[in-house]
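# sequence isn't available, so here's the structure alone:
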């Protein structure tokens, strides 16, 4: 696994993406984790909340009387978004699995703009943002070297197939 172009040999436990599977399913399969609606519990402690797609607006912003259009001009709909409660960080997770050349190639280059938009949107709540891609092996090709370096250089992140719990700041289940 690689994050930001570096090896991830020290990563022990993570969410393993074999396809565009929902993160809730991955958490539910981990020992010690439990999902109730959009809430993630580890043992008995509430540790995170899911806010993917429109839930970011309906579940997080609107109840706090924040109208996105007062802050940004267009809604952004993340594939997945998980708010880690202990440090108020929202991880925007974009899953990009590619098997042929296409538009996803260029979508990777939009991370800086989207990251900044999410940061503006969530600043009134004191929530920080980390923008993360989960990629498949297609993106390990030499022709993606420059774009992956760019992703890292603008403060965004990428992983191949797996998102480590330690990166999210969540506890690892006992083995």
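Done, it's in. This structure is a prediction, so every number in the text was calculated from the model and none was measured.
# every contact and neighbour count from this point should use C-alpha atoms.
OK.
# name the helix or strand of this protein that has the lowest mean pLDDT.
Taking mean pLDDT, DSSP states H and E as the measure, strand 6-7 is the helix or strand of the chain with the lowest mean score, a mean of 36.
# list of residues touching stretch 89-109?
Residues outside stretch 89-109 that contact it (C-alpha atoms under 8 Å, 6 or more residues apart in numbering) are 19-20, 78-84, 127-136, 138-139, 147, 150-151, 168.
# mind listing which of those residues are in helices?
Using DSSP state H, 147, 150, 151, 168 are the members of the contacts of stretch 89-109 that sit in helices.
# out of those residues, which is nearest to residue 110?
Closest to residue 110 out of those is residue 151 (8.8 Å), distances taken as C-alpha to C-alpha.
# now do the helix ranked longest in the chain: distance to the chain's middle.
Using DSSP H, we find that the single longest helix of the chain is helix 111-122. Mean C-alpha position of helix 111-122 versus that of the full chain (C-alpha atoms, centre = their mean, to the nearest Å) differs by 13 Å.
# just list what that helix packs against, helices and strands only.
strand 128-135 (3 or more C-alpha pairs under 8 Å, 6 or more residues apart in numbering; DSSP states H and E).
# can you check what angle separates the strand it packs on from helix 111-122?
140 degrees (axes from the mean of the first three to the mean of the last three C-alpha atoms, to 10 degrees).
# partner strands of strand 128-135 and their direction?
strand 89-96 (parallel), strand 157-160 (parallel) (DSSP bridges).
# closest to residue 67 out of those strands?
Nearest to residue 67, of the strands paired with strand 128-135 and by C-alpha to C-alpha, is strand 89-96 at 18.0 Å.
# and the next element down the chain from the closest one?
helix 104-107 (DSSP states H and E).
# any regions of the protein where pLDDT drops low?
1-21, 99-104, 175 (pLDDT under 70).
# the residue nearest the centre of it bridge partners, please.
Nearest to the geometric centre of the chain sits residue 93, at 2.3 Å (C-alpha atoms, centre = their mean). Beta bridges link residue 93 to residue 80, residue 132, judged by DSSP bridges.
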